[in-house]
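Colleague: how would this look folded up:
(one chain, ligands or ions: 3)
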Amino acid sequence: MDTEDTSKLPTHIAIIMDGNGRWAQARGQERREGHRAGVEALRRIVKDSSDLGVHHLTVFSFSTENWGRPRNEVSFLMSLLERYIESDLADLHAEGVRVRVIGRRDGLSDKICRLIDRAESLTANNNRLFLQIAFNYGGREELADAAARLARRAANGTLDPESINGDVLSAELLTAGMPNPDLIIRTSGESRLSNFMLWQGAYSELYFTDVLWPDFTREHMQAAIAHYAERERRFGLISASGDAD
Ligand code: IPE
Ligand code: IPE
Ligand code: MG
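Modeller: Numbering: from 1, shown residues only. Ligands and ions are numbered 1, 2, ... in the order given. Predicted coordinates for the structure are as follows:
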C-alpha cells in the first residue's frame, strides 16, 4: 500500500489542475469560460493517459477551500461536475475507465451524490484507467476524518490502538487501495500543494509548469513524464549508483 513504483513510467499521476481563471482573464472572458475549457483539457488528458499507459490518474478539481469563492462560481463548478458525469459517463465506461470521486460528501447536492454513486458503481469493474476525481477534497480533512474513525473504533474496543501504523492509516484514507502518486503535476506556475494528497504525496516527484490548465496537452504530459523518468527516487536510501565503501 505504501510501496511506491520505481519504474520509469509513473503508474499514478496526480494533477492539480490550476489556472482556469487566469486563462479566461487573459482572453477577457469570464472565469467560468476558463473552467469550461478546463473540462475540455480534462477530457483530452483522460484519453491521453490511457494511451500513454498510465494506470491511475487523480485530478484535483475542487478543494475544501474553494467553497470560499463567490457563490456563483461555486455553483458553476458544482454544475460542471454534474454535467461532466452526465455527458461523459457512458464514454468513460466504454473506454474501460473506472471512476471514483474522493472528497467529503457534505455540502454536495443529492443530485451530485447520486451521479457520483452511479458513476462509481457502473464503472467499478473497469481496469484500463482508474480515474480519481478529487472534488470537495482536502488532505487535512481526509486525515482528520480517518483519525476520527480510528479513534472511534479504538474507543469502542474494535481496534487495538497499538496496531495503528502507516498501513492502517493509509487503508482508512479516501484513496485506500490506490498506489501513492508517483508524480504530482501542478499547472499555472504555482509551486504549492494547496492541501492536496498530503499523506500520499510524501515521496511523489513534483512537477510544476507555467502552462495554464486549459492549455495543458498531451505534449506537456509527456514532458512531465520524461522529467519523471530522469529522477532517481531514493526513498531515504542512498543512491543506487553510489559507490559502496
Ligand atoms: C483551477 O483554476 C480550478 C479550481 C481551483 C476550481 P482556478 O480557478 O484556481 O484558476 P486561477 O488559479 O484563478 O487562475
Ligand atoms: C488548488 O487550486 C485546487 C484545485 C486545483 C482544485 P487553488 O487555485 O484553489 O489553490 P490556491 O488558492 O492557489 O492555493
Ligand atoms: Mg487557482
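Colleague: quick one: buried residues of the one helix or strand A223 maps to?
Modeller: Using DSSP states H and E, A223 maps to helix 218-230. Going by neighbour count (16 or more other Cβ atoms under 10 Å), the buried part of helix 218-230 is 220-221, 224-225, 228. C-betas here are computed from N, CA, C, even on glycine.
Colleague: for A26, phi and psi?
Modeller: Dihedral pair for A26: phi -60, psi -20, per degrees, to the nearest 10.
Colleague: re the thing from before, for the helix holding A223, packing partners?
Modeller: For helix 218-230, the packing partners by 3 or more Cβ pairs under 8 Å, 6 or more residues apart in numbering; DSSP states H and E come out as strand 12-16, helix 31-52, strand 183-186, strand 205-208.
Colleague: closest to ligand 2 out of these?
Modeller: Proximity to ligand 2, assessed across the helices and strands packed on helix 218-230 by Cβ to the nearest ligand atom, is greatest for strand 12-16 (4.9 Å).
Colleague: Name the residues of the chain found near ligand 1, please.
Modeller: 17-22, 62, 66, 77, 188 (Cβ under 6 Å from any ligand atom).
Colleague: So which of these are in helices?
Modeller: Mapping those onto helices (DSSP state H) picks out 20-22, 77.
Colleague: isn't there a strand covering R100?
Modeller: Yes - assigned with DSSP: H, G, I helix; E, B strand; the rest coil, R100 falls within a strand.
Colleague: Was I right to think E141 contacts R105?
Modeller: No - using Cβ atoms under 8 Å, E141 makes no contact with R105, being 11.7 Å away.
Colleague: Reduced to three states, what does the closest residue to ligand 2 within the chain come out as?
Modeller: Proximity of the chain to ligand 2 (Cβ to the nearest ligand atom) peaks at S194, 3.6 Å away. Following three-state DSSP, we place S194 in the coil state.
Colleague: Now for it, how many residues are close by?
Modeller: Residues contacting S194 under the criterion other Cβ atoms under 10 Å number 14.
Colleague: so what's it up against?
Modeller: 16, 18, 60, 63, 65 (Cβ atoms under 8 Å, 6 or more residues apart in numbering).
Colleague: Any stretches of this structure with poor pLDDT?
Modeller: Within the chain, the set of residues satisfying pLDDT under 70 comprises 1-7, 242-245.
Colleague: how about 80 then?
Modeller: Residue ranges of the chain with pLDDT under 80: 1-7, 240-245.
Colleague: tell me which parts of it are close to ligand 2?
Modeller: Residues of the chain lying close to ligand 2 by Cβ under 6 Å from any ligand atom are 16-18, 60-63, 66, 190, 192, 194.
Colleague: Got a quick ChimeraX command for the buried subset of the residues you listed?
Modeller: Buried residues within those, by 16+ other Cβ under 10 Å, are selected in ChimeraX with:
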select :16,17,18,60,61,62,63,66
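Colleague: Which one of the residues of the chain next to ligand 2 is nearest to I85?
Modeller: S61 (11.7 Å; Cβ to Cβ).
Colleague: what's the nearest residue to the closest one if we skip its chain neighbours?
Modeller: If the residues on either side of it in the chain are set aside, S61 comes closest to F135, at 5.4 Å by Cβ to Cβ, 6 or more residues apart in numbering.
Colleague: Repeat that for V46.
Modeller: Nearest non-adjacent residue to V46, counting by Cβ to Cβ, 6+ apart: L131, 6.1 Å away.
Colleague: Name the strands paired with the helix or strand encompassing the one you found and say parallel or antiparallel.
Modeller: Using DSSP H and E, L131 falls within strand 129-137. Using DSSP bridges, the strands paired with strand 129-137 are strand 56-63 (parallel), strand 97-102 (parallel).
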